[in-house]
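J.: Turn this into a structure:
(4 chains)
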There are 2 protein chains.
Amino acid sequence: MADMSSGTQRKRIRKSPSDRRAEIVDAAAAIALTEGLECITLRRVAEQLDVRPGLISHYFPAVEDLVAEAFGTAAGAELNALLPADRAAGTPTDRLARFFVLATGAAYDDISRLWINARHLSRYRPVLRDRVSHQEALWRGRLEDLVREGVDRGEFRTADPYATTIQILVVIDGLGAHANTETGARPEVVTRMAVSTAERELGLEGGTLSRHGAALDADRTDAEAASGTDTSPAGSGT
Amino acid sequence: MADMSSGTQRKRIRKSPSDRRAEIVDAAAAIALTEGLECITLRRVAEQLDVRPGLISHYFPAVEDLVAEAFGTAAGAELNALLPADRAAGTPTDRLARFFVLATGAAYDDISRLWINARHLSRYRPVLRDRVSHQEALWRGRLEDLVREGVDRGEFRTADPYATTIQILVVIDGLGAHANTETGARPEVVTRMAVSTAERELGLEGGTLSRHGAALDADRTDAEAASGTDTSPAGSGT
DNA sequence: TTGCCTATTGGGCGGGCGACCAATAGCATG
DNA sequence: CATGCTATTGGTCGCCCGCCCAATAGGCAA
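T.: Residues are numbered from 1 along each chain as shown, chains lettered A, B, ... in the order given. Reported below is the predicted structural model:
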């Protein structure tokens, strides 16, 4: 215990490459969500993990790769939260309603910000652009599967599940576009645009999804109140 | 003509502050459109105008102000191109149809990119954020006026012109979100989403705006073929 | 316990950025 | 033509960035 004052010489902690790598990606993903993708710098990530910048460089010789990886992790985690892959989580209608509840609330703003961020940065960073395209395909695919399942079960009705899926996503993107600038409140009709589009394109009676959503929202709120909020994807401990 | 080889010592050209300032803003706006807002740096703008970086600094002590100004100029010019302020340019239906032709074509991609760029950068730059909000208000206002005029003339039918306007803009934003990443073609239904939304929300028969648009598009193409493309806002010489 | 492999450190290099300032030279004015 | 105002220059400063590399020390295996 020679020196316990300021962090003059932290004891080195040696981890397995795979653990360390995962740790770095997670830290970068957390930074991406809270501060933005351009804040993923060698020094910033290193500081977060309390290691030296060179170490980050060692695992990611090119930072752009880390940025892309971080985005993929964050977006992927959110996708799993919004549209769980397993089919046991309720009827298509229930799951779609849940999706809209989560993707329309103010809690989705961080994700909107991330998408705007990534789509813009894609202009300059090819590796990230590929990742963004990949994630877009994943989101689209997951939602399209849900739509098709609903059609198969007779809950939804659409001639072109693919086109319907894209239309829903376009509206969601449009609603999220203002996450960094919006100030005032929007008319109810606008807030409901995503749900309305889905109901219209899926041949559902107006209000169907909203009603399911309201019920699910109540459940979700109750669960959170009882067990603490653990819906967030990456652990942003302090 | 003593020295015409490398630019060893360019003759100074002295301009009036207002001229120079405008020149700087225009150059910055051009850079914003072609390369992105983060490429508006003292050195880059100076190079474009063939002056020294210090001069830019002199007119804009804080670069952020120049960035905001440049965005405002570019976005404002585009707005005037899409939705001319004067009411003599045809019936509301015609003008709205023209708007969609211009705002949906591939030529609009640069503008989409600019909006994505600005909305993202707004996260970090307050001055820019204010400008973006202001431009959003202008676009919204201009479109809303058109909608109201159409309602007054009995061409459109909507209970809430404001909400209708926002819905149209949300769809346009959603369609433009992928300007940096999109690769393949989209289903026709998706491409037509903006027009469809407008027709639905304005109580127009399906296809009304498209038909007007097709006619206008033909005219526009003819005119361009005859007189050269001069629809672009900022002169990007060379 | 000893030794080795390698994860980790510490430091340095070049580059681009915004900001600042004293010196210079256009150009209108008299 | 001479003079003065000021638009413009040229250079510097500090900051943060990505990238690279030789030296160091953690911790598992022998």
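
J.: Secondary structure element for the residue most central in space within chain A, which one?
T.: The residue lying closest to the centre of chain A (CA atoms, centre = their mean) is A:E78, at 3.1 Å. Assigned by DSSP states H and E, A:E78 belongs to helix A:63-82.

J.: Longest helix in chain A, please.
T.: When chain A is parsed with DSSP state H, its longest helix is helix A:126-152.

J.: I'd like to know which elements that helix is packed against.
T.: helix A:63-82, helix A:92-104, helix A:109-121, helix A:161-176 (3 or more CB pairs under 8 Å, 6 or more residues apart in numbering or on different chains; DSSP states H and E). Just so you know, the C-beta spots here come from the backbone N, C-alpha and C atoms, and that holds for glycine as well.

J.: can I get those helices in CSV with distance to DNA strand D and mean pLDDT?
T.: Listed next are the helices and strands packed on helix A:126-152 as CSV, based on distance: least, CB to the nearest atom of the strand, whole Å; pLDDT from 0 to 100:
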stretch, distance to DNA strand D, mean pLDDT
helix A:63-82, 4, 98
helix A:92-104, 31, 95
helix A:109-121, 12, 98
helix A:161-176, 26, 98
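
J.: With distance to B:T93 added, can I get the ones you listed in CSV?
T.: Shown next, in CSV, are the helices and strands packed on helix A:126-152 (distance: least, CB to CB, whole Å):
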stretch, distance to B:T93
helix A:63-82, 39
helix A:92-104, 32
helix A:109-121, 33
helix A:161-176, 23
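
J.: tell me which parts of chain A are close to DNA strand D?
T.: Proximity of chain A to DNA strand D is confined to A:11-14, A:40-44, A:53-54, A:57-58, A:61-64 under the rule CB under 7 Å from any atom of the strand.

J.: which bits of chain A sit near chain B?
T.: Within chain A, the positions lying close to chain B (CB under 8 Å from any CB of the partner chain) are A:36, A:113, A:115-117, A:119-124, A:129, A:132-133, A:136, A:160, A:162-163, A:166-167, A:169-175, A:177-181, A:183, A:186-187, A:189-190, A:193.

J.: if we can go back for a sec, measure the residue nearest to the centre of chain A to A:A97 for me?
T.: 18 Å (CB to CB, to the nearest Å).

J.: same check, this time on A:G90
T.: According to CB to CB, A:G90 stands 9 Å off from A:A97.

J.: just to revisit the earlier point, touching, the residue nearest to the centre of chain A and A:W115? I think so.
T.: No. With contact defined as CB atoms under 8 Å, A:E78 and A:W115 do not form a contacting pair (9.5 Å).

J.: ok, A:A177 - contacts?
T.: A:112, A:116, B:115-116, B:119, B:170, B:173-174, B:177 (CB atoms under 8 Å, 6 or more residues apart in numbering or on different chains).

J.: So what's the residue count around the residue nearest to A:D130 when sequence neighbours are not counted?
T.: Nearest residue to A:D130 in three dimensions, chain neighbours excluded: A:A68, at 7.2 Å (CB to CB, 6 or more residues apart in numbering or on different chains). When neighbours are defined as other CB atoms under 10 Å in any protein chain shown, A:A68 has 27 of them.

J.: Then A:R211?
T.: 12.

J.: tell me the pLDDT at it?
T.: Per-residue pLDDT puts A:R211 at 81.

J.: host element of it?
T.: Applying DSSP H and E, one finds A:R211 within helix A:208-227.

J.: Next, the buried residues of the longest helix of chain A.
T.: In terms of neighbour count (16 or more other CB atoms under 10 Å in any protein chain shown), helix A:126-152 has its buried residues at A:127-129, A:131-133, A:135-136, A:138-139, A:142-151.

J.: returning to that earlier point: write the PyMOL selection for whichever of the residues of chain A next to chain B are buried.
T.: Buried residues among the residues of chain A next to chain B (16+ other CB under 10 Å), as a PyMOL selection:
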select buried, chain A and resi 36+113+115+116+117+119+120+121+122+123+129+132+133+136+162+163+166+167+169+170+171+172+173+174+175+177+178+179+180+181+189+190+193
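
J.: Show the contacting residues for A:E136.
T.: Here A:E136 is in contact with B:178, B:181 (criterion: CB under 8 Å, 6+ apart).

J.: Quick check: the gap between it and DNA strand C.
T.: 30 Å (CB to the nearest atom of the strand, to the nearest Å).

J.: Tell me the pLDDT of that residue.
T.: For A:E136, pLDDT reads 98.

J.: repeat for the one 4 residues further on
T.: Note for A:R140: predicted pLDDT of 97.

J.: what's the spacing between the closest residue to it other than its chain neighbours and A:R125?
T.: Sequence neighbours aside, A:T165 is the residue nearest to A:R140 in space, at 5.9 Å (criterion: CB to CB, 6+ apart). Between A:T165 and A:R125 the computed distance is 27 Å (CB to CB).

J.: Between those two, point out the one with more neighbours.
T.: A:T165 (24 against 19).

J.: now the residue in chain A that DNA strand C sits nearest to, what's its secondary structure?
T.: Nearest residue of chain A to DNA strand C: A:G54, at 2.8 Å (CB to the nearest atom of the strand). With DSSP: H, G, I helix; E, B strand; the rest coil as the basis, A:G54 sits in helix.

J.: which stretch of helix or strand covers A:A22?
T.: A:A22 is part of helix A:17-34 when elements are defined by DSSP H and E.

J.: Now look at that helix and say if it contacts DNA strand C.
T.: Yes. Applying CB under 7 Å from any atom of the strand, one finds helix A:17-34 in contact with DNA strand C at A:17, A:20.

J.: Return the set of buried residues in that helix.
T.: A:20-21, A:23-33.

J.: on that earlier part again, tell me how far the residue nearest to A:D130 lies from A:Q48.
T.: 18 Å.

J.: same check, this time on A:S196
T.: 41 Å.

J.: go on, A:A29?
T.: A:A29 is 11 Å from A:Q48, by CB to CB.

J.: swap in A:E188?
T.: 40 Å.

J.: Compare neighbour counts for those two and give me the winner.
T.: Taking other CB under 10 Å, A:E188 and A:Q48 do not tie; A:Q48 has more neighbours (17 against 9).
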